[in-house]
Each structure stands twice: as structure tokens, then as C-alpha cells.
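Engineer: requesting a structural model of the entry that follows:
(2 chains)
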Amino acid sequence: DQQVKQNSPSLSVQEGRISILNCDYTNSMFDYFLWYKKYPAEGPTFLISISSIKDKNEDGRFTVFLNKSAKHLSLHIVPSQPGDSAVYFCAASDNAGNMLTFGGGTRLMVKP
Amino acid sequence: EPEVTQTPSHQVTQMGQEVILRCVPISNHLYFYWYRQILGQKVEFLVSFYNNEISEKSEIFDDQFSVERPDGSNFTLKIRSTKLEDSAMYFCASSGTSGGANEQFFGPGTRLTVL
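Structural biologist: Numbering: from 1, shown residues only, chains lettered A, B, ... in the order given. Have a look, this model is predicted:
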């Protein structure tokens, strides 16, 4: 079941530069998309979300872009900081919102 | 800041034994969830729970699994007869609303090891 897919298992970025994490989905019933960050030995922490009626949502250093026709979303982190180093999960839900479907995650490493 | 807590952090059990994983959701939340992550795999939805009923469950959540809210604060996941393939991190989550971009708050997880 690959309804939500993150094709890059890892990404390395220099501190201060932009990090771009990508996510693709196949299920047209998904209405909402969320990004979570996960540190080792912790649960996922919510970062930012976007509704399918929007194409952009911004919160501080984090911006999520949604291209509904391409079934693609991305998370931009600007500027990247070493503390951003973690695994980032893309997740999606339908309008009922009873469950989240997660991608496989992308490990981001921000080098000082 | 309110948070979801889970106990124990690590549970080791023998195959065939029953285990109960415990969670205390955020106090004013009404919607509760269990997810699991097998090592090296995706986080997978197990079940959602609202108003003392299961709202939705995945095909993973078979008759060996059950959930309960025994009192006003705890939310438990029981696995009746554990199998080796039940070894995973189990995450509890809660949210204040349902539908749409309901931000689900996750606990730190319980690592279940079935021997």
C-alpha cells in the first residue's frame, strides 16, 4: 500500500540553506495533508498542515506547498538549522479525519 | 504544555501472552488513536476511538486487538495473544476534534518486543 510516498529516504543540507522535502500521494479522497517531525525515541510531532483547497501554508520557517493536480506536496524549511535534523513524515487524511496515512519518512541532516 | 503519555516505554513478552499498553491522552481531547511502526517500516494506523466506540479500524486490527477507555483518563490497547510479528513501536495519539486536518498529538511510544 503506497498511498503516500516519500521517495527520498535521506537529505543532507548545510545550515542556513533551504531544505525541501517531497511527498507524493495517489488517493484522490485525501483532503488534508500534514507534516510531522520525529526524533529518535520520541513520537511524531506535528509541524504544519494544509487543506486541499489551498496551495500554500506558511508557519515561520516552514512552508508547505500542495500541487493537487500532480498529487504532490513539499515542505520547505528556510533557513535550516542543526536542530531540524530529524525524520520528517508526510501524512494524509480524508475529510472524515479518523486516520492518518503516513509516508515512509525522510531523514533530514542539517550540517553546521 | 499538555502531552500524551504512554506506559511502559518498553515491554518484553513471550509469544502467546497478553499485553496491555497504556496511554493517557491530553485531558480535553475526545478522539483517540493507536498506530504502530514496525522497525524500518511506515507508521501504520490501527484504530480510532470516540465516545466509547471504535470509529474506524484497519485490517491490522483483528480480533486479537481491543481498545478500552476504562476511566476518564486512560486509553488502552490490548493484544490478546501476541505473535512475533506484533513486535513494533506502538504510538497512542489524541485530538480535540475530528475531520479535516485534525492535528493528532502523539505520545512517545511503547516498544513491544515479542520473544
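Engineer: okay, CA-based contacts and neighbour counts for the rest of this
Structural biologist: OK.
Engineer: what helix or strand is the most centrally placed residue in chain B on?
Structural biologist: Closest residue to the average C-alpha location of chain B: B:W34 at 3.0 Å, with Cα atoms, centre = their mean. Using DSSP states H and E, B:W34 falls within strand B:31-37.
Engineer: the helix or strand following that strand near chain A at all?
Structural biologist: Next helix or strand after strand B:31-37 toward the C-terminus (DSSP H and E): strand B:43-50. Yes - residues of strand B:43-50 contacting chain A under Cα under 8 Å from any Cα of the partner chain: B:43-45, B:47-48.
Engineer: how about the spatially closest residue to A:S12 that is not a sequence neighbour, what does it touch?
Structural biologist: Nearest non-adjacent residue to A:S12, counting by Cα to Cα, 6 or more residues apart in numbering or on different chains: A:M109, 4.7 Å away. A:M109 makes contact with A:10-13, A:82, A:84-86, according to Cα atoms under 8 Å, 6 or more residues apart in numbering or on different chains.
Engineer: how about the residues of chain A near chain B?
Structural biologist: A:31-34, A:41-46, A:49-51, A:93-105.
Engineer: what subset of these is buried?
Structural biologist: A:31-34, A:43-46, A:49-51, A:93-95, A:97-105 (16 or more other Cα atoms under 10 Å in any protein chain shown).
Engineer: what ranges does chain A have for its strands?
Structural biologist: Assigned by DSSP state E, the strands in chain A fall at A:4-5, A:10-14, A:19-25, A:32-38, A:45-51, A:56-59, A:62-67, A:72-77, A:86-93, A:101-102, A:106-111.
Engineer: measure B:Y33 to chain A for me?
Structural biologist: According to Cα to the nearest Cα, to the nearest Å, B:Y33 and chain A sit 8 Å apart.
Engineer: tell me the bridge partners for that residue.
Structural biologist: With DSSP bridges as the criterion, B:Y33 is bridged to B:S48, B:A93.
Engineer: show me what contacts it?
Structural biologist: Contacts of B:Y33 by Cα under 8 Å, 6+ apart are A:99, B:45-49, B:92-94.
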